[in-house]
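**Q** A predicted structure for the sequence below; I have some questions about it.
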There are 2 protein chains.
Amino acid sequence: MAEDLLTTLSSKTKTVEIHRDKPCVIIGERINPTGRKKVMAALKEGNFDMVRKDAEDQVAAGAAVLDVNAGVPGADEPALLKQVMQTVMEVTDVPLCIDTADPDALATALALYEGKALVNSVNGEERSLSRVLPLVKEHGAAVIGLCMDDEGIPETPEARFKVAAKIIERAGKLGIPIEDVIIDPLALTMGADSNAGRIALDTIKLVVAEFGVNITMGASNISFGMPDRKYINATFIAMAIHAGLTCPITNPLVPEVSIAIKAADLVMGRDDYGMAWIQAYRQRQQSQ
Amino acid sequence: MAEDLLTTLSSKTKTVEIHRDKPCVIIGERINPTGRKKVMAALKEGNFDMVRKDAEDQVAAGAAVLDVNAGVPGADEPALLKQVMQTVMEVTDVPLCIDTADPDALATALALYEGKALVNSVNGEERSLSRVLPLVKEHGAAVIGLCMDDEGIPETPEARFKVAAKIIERAGKLGIPIEDVIIDPLALTMGADSNAGRIALDTIKLVVAEFGVNITMGASNISFGMPDRKYINATFIAMAIHAGLTCPITNPLVPEVSIAIKAADLVMGRDDYGMAWIQAYRQRQQSQ
């Protein structure tokens, strides 16, 4: 077993530590127009009210980092991402996770950002490795490495592990410390493959045992097409935390998911005397 | 890693298989007067209506095995346990888990039972090993081995693992097959030790890796003294299933716990096409 590593992220004024001995760090996923027509329309019109609200609400609900995505088809993504980030930084002080597939938008965003951002994401494709990792190195950022490469998303945990190993190795060659690579095992839809959850969990175990790196994951794809998705997502996230997940990308406004994360921290012995659990319970009581 | 083992239990007419590749087997815990004043009073009066109802309700809610406990202080436990078992067998056909600390009651119960029962429990104390295991062998039953011995409940997973190994070894010497020993790692109260959940989870991992045996656990002690216990118990049980738990002793009438178990089966790839998940969802819809 490798030693568990510490990743730090920061904004201008705030530092967040990610480590398997500490409570989970929730990366709020809401600031993303994908699949949200109203948000997409608002961003096109230069209206950032929803972004502001999503930022405030998620931090109030326990997000310690905010993912920012400005992927609006046809828009000038570098300019739009910059505006979204500025809006978020006006209303919160949490570190940001810069979520873009556009290298120009990423370069602009990293140049603008004061602190140590998390880049979402690089993957094992040569094109991605060669474009994203130098920017991560140049700006001293951390980066999420997705377990997919030129041949797509591998089917087995062992093959996904190899992609993770490749990303970590290539990052290391550029001088990016291993603790600044956070691996995402990729959780696909169980509707397409009943083993999708199991494969993600087993990938986490392999990566953690070998490298001790931090693990992120979006936990909501898994239940696509199933009824009562929130319960599946909550259970999956708890099991993934047991496997080694440390910084889920999720929506903290879904109570079932937030509660499961807090309960998982408690069960894993990362919440002394249940102080955080009891505090969250009181908040739920007050908001009822 | 040891190969995962198959435990079968049976009633006169029904067989239940416990294995890590199959959906969780819920052992219903409700037929137990401990801490239930009304049930205790009813049993003292020879009234078994609550027993009948607890049996029917638990099976309807998904219990595949029923724990039967008749521990009423001052009562004739062998006679009372026999009556409780007969009552349960009149209304359901699931295999029973005979839960008694009284060797005479256990001998009577095993002699009465037609099928392969689960004995709850033996532990690593010499007195327990020498009294319980011969009865288990004589009647071809399976047995739950608790990770505690003459010195109490060990604090570390490694020490609990040693107790499990001792019980398995002693059972083996008497000719009880290893697959008929189901280990309980013991989940204590987190209120007394913040690491109580973690210790149980780590014990499961060690025992499963070495022996491949099935794992049971009562998951509700852990949250004693905390608010919103049902959420903690549900999350803990999901994490324990990921660690290797296969037959939790729990109350299937608590929806949060039942849902978490079903969701965990789904996530572990033990519910093809989510058929069981969807069926349970429909049942919830109908009962609302």
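**A** Sure thing, it's come through. Everything quoted here is computed from the prediction, not taken from an experiment.
**Q** contacting residues around A:Ala141?
**A** If you count contacts by C-beta atoms under 8 Å, 6 or more residues apart in numbering or on different chains, A:Ala141 has them with A:Ile98, A:Leu110, A:Lys116, A:Ala117, A:Leu118, A:Val119, A:Leu135, A:Asp180. All C-beta atoms are positioned from the backbone trio N, CA, C, and that covers glycine.
**Q** name the nearest of those residues relative to B:Glu169.
**A** Nearest to B:Glu169 out of the contacts of A:Ala141 is A:Asp180 (C-beta to C-beta; 47.3 Å).
**Q** distance of the closest residue to the closest one other than its chain neighbours from A:Ser10?
**A** Closest residue to A:Asp180 apart from its sequence neighbours, by C-beta to C-beta, 6 or more residues apart in numbering or on different chains: A:Ala142 at 4.1 Å. Look at A:Ala142 and A:Ser10: by C-beta to C-beta, to the nearest Å, they are 10 Å apart.
**Q** more crowded one of those two?
**A** A:Ala142 (24 against 18; other C-beta atoms under 10 Å in any protein chain shown).
**Q** hmm, which helix or strand of chain A has the shakiest average pLDDT?
**A** When the helices and strands of chain A are compared on mean pLDDT, DSSP states H and E, helix A:37-44 comes out lowest with a mean of 91.
**Q** in the stretch 1-150 of chain A, which residue sits closest to chain B?
**A** Per C-beta to the nearest C-beta, A:Asp21 is where the stretch 1-150 of chain A lies closest to chain B, at 10.7 Å.
**Q** how about the secondary structure of that residue?
**A** coil (DSSP: H, G, I helix; E, B strand; the rest coil).
**Q** just A:Gly172 next, same as before
**A** With three-state DSSP as the basis, A:Gly172 sits in helix.
**Q** so what's it up against?
**A** When contacts are counted by C-beta under 8 Å, 6+ apart, A:Gly172 touches A:Ile178.
**Q** what of the one 3 residues further on?
**A** By C-beta under 8 Å, 6+ apart, A:Gly175 lies in contact with A:Lys137.
**Q** how much space separates A:Ile204 from chain B?
**A** A:Ile204 is 10 Å from chain B, where distance means C-beta to the nearest C-beta, to the nearest Å.
**Q** give me the element that residue is part of.
**A** helix A:196-211 (DSSP states H and E).
**Q** kindly report the same for A:Val84.
**A** Here A:Val84 sits within helix A:77-91, counting by DSSP H and E.
**Q** how far off centre is that helix?
**A** 18 Å (C-alpha atoms, centre = their mean, to the nearest Å).
**Q** that one: which residues count as buried?
**A** By neighbour count with 16 or more other C-beta atoms under 10 Å in any protein chain shown, helix A:77-91 contains the buried residues A:Glu77, A:Pro78, A:Leu80, A:Leu81, A:Lys82, A:Gln83, A:Val84, A:Met85, A:Thr87, A:Val88, A:Met89.
**Q** listing partners with orientation, what would you give for the helix or strand just after that helix?
**A** Where DSSP H and E defines the elements, the next helix or strand beyond helix A:77-91 is strand A:96-99. Strand A:96-99 has the following strand partners under DSSP bridges: strand A:63-69 (parallel), strand A:118-123 (parallel).
**Q** show me where chain A has helices.
**A** A:37-44, A:49-60, A:77-91, A:103-112, A:126-139, A:157-173, A:196-211, A:229-243, A:255-267, A:275-286 (DSSP state H).
**Q** before we move on, back to that, which one of the buried residues of helix A:77-91 is nearest A:Ile153?
**A** The closest of these, once distances to A:Ile153 are taken by C-beta to C-beta, is A:Glu77, at 24.3 Å.
**Q** OK, contacts around the residue nearest to A:Thr156 when sequence neighbours are not counted?
**A** Spatial nearest neighbour of A:Thr156, chain neighbours left out: A:Ile199 (7.1 Å); criterion: C-beta to C-beta, 6+ apart. Applying C-beta under 8 Å, 6+ apart to A:Ile199 gives the contacts A:Glu155, A:Thr156, A:Pro157, A:Arg160, A:Pro185, A:Leu188, A:Asp193.
**Q** can we see that at 10 Å?
**A** By C-beta atoms under 10 Å, 6 or more residues apart in numbering or on different chains, the residues touching A:Ile199 are A:147, A:153-157, A:159-160, A:185-188, A:193, B:269.
**Q** separation between it and A:Leu188?
**A** The value you get for A:Ile199 to A:Leu188, if C-beta to C-beta is used, is 8 Å.
**Q** overlap of the contact sets of the two?
**A** Overlap of the contact sets of A:Ile199 and A:Leu188 (by C-beta under 10 Å, 6+ apart) consists of A:Ile153, A:Glu155.
**Q** averaged pLDDT, the helix holding A:Ile204. What do you get?
**A** For helix A:196-211, mean pLDDT is 98.
**Q** and what of stretch A:259-268?
**A** What stretch A:259-268 shows for mean pLDDT is 97.
**Q** and that stretch, is it in reach of chain B?
**A** Yes. For stretch A:259-268 and chain B, the contact criterion (C-beta under 10 Å from any C-beta of the partner chain) is met by A:Ile259, A:Ala260, A:Ile261, A:Lys262, A:Ala263, A:Ala264, A:Asp265, A:Leu266, A:Val267, A:Met268.
**Q** most neighbours, which of the residues you listed?
**A** A:Val267 (33 neighbours).
**Q** and it, what is it in contact with?
**A** Counting by C-beta under 10 Å, 6+ apart, A:Val267 makes contact with A:238, A:241-242, A:277, B:187, B:190, B:194-198, B:200-201, B:219, B:222-223, B:232-233, B:235-240.
**Q** A:Ala55 too?
**A** Taking C-beta under 10 Å, 6+ apart as the test, what A:Ala55 contacts is A:28, A:30-31, A:48, A:63, A:66, A:68, A:84, A:87-92, A:94, A:96.
**Q** and it, how far from B:Glu158?
**A** Distance of A:Ala55 to B:Glu158, computed by C-beta to C-beta: 46 Å.
**Q** now do A:Arg127
**A** Applying C-beta to C-beta to A:Arg127 and B:Glu158 gives a distance of 47 Å.
**Q** just A:Lys137 next, same as before
**A** Counting by C-beta to C-beta, the gap from A:Lys137 to B:Glu158 is 42 Å.
**Q** the two - which one has more neighbours?
**A** Per other C-beta under 10 Å, whichever of A:Lys137 and B:Glu158 has more neighbours is A:Lys137, with 16 against 11.
**Q** the more buried one touches A:Leu129, doesn't it?
**A** No. At 11.7 Å, A:Lys137 does not count as touching A:Leu129 under the criterion of C-beta atoms under 10 Å.
**Q** overlap in contacts, the two.
**A** Common neighbours of A:Lys137 and A:Leu129, using C-beta under 10 Å, 6+ apart, are A:Ala171, A:Lys173, A:Leu174.
**Q** buried among the residues you listed? Need that as a selection in PyMOL.
**A** The following PyMOL line selects those of these that are buried, judged by 16+ other C-beta under 10 Å:
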select buried, chain A and resi 171
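**Q** and the shared contacts of A:Lys137 and A:Leu129, which is closest to chain B?
**A** Out of the shared contacts of A:Lys137 and A:Leu129, the member with the shortest distance to chain B (by C-beta to the nearest C-beta) is A:Ala171, at 28.9 Å.
**Q** in contact with that closest one, which residues?
**A** Taking C-beta under 10 Å, 6+ apart as the contact definition, A:Ala171 lies against A:122, A:129, A:132-133, A:136-137, A:142-143, A:145, A:177-178, A:180-181.
**Q** including pLDDT, could those go into a markdown table?
**A** Output for those, formatted as a markdown table (pLDDT from 0 to 100):
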| residue | pLDDT |
| --- | --- |
| A:Val122 | 98 |
| A:Leu129 | 98 |
| A:Val132 | 98 |
| A:Leu133 | 98 |
| A:Val136 | 98 |
| A:Lys137 | 98 |
| A:Ala142 | 98 |
| A:Val143 | 98 |
| A:Gly145 | 98 |
| A:Pro177 | 98 |
| A:Ile178 | 98 |
| A:Asp180 | 98 |
| A:Val181 | 98 |
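**Q** can you put the residues you listed in TSV and add distance to B:Ile215?
**A** Below are the contacts of A:Ala171 laid out as TSV (distance: C-beta to C-beta, whole Å):
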residue	distance to B:Ile215
A:Val122	39
A:Leu129	42
A:Val132	43
A:Leu133	43
A:Val136	42
A:Lys137	46
A:Ala142	37
A:Val143	38
A:Gly145	34
A:Pro177	38
A:Ile178	34
A:Asp180	37
A:Val181	34
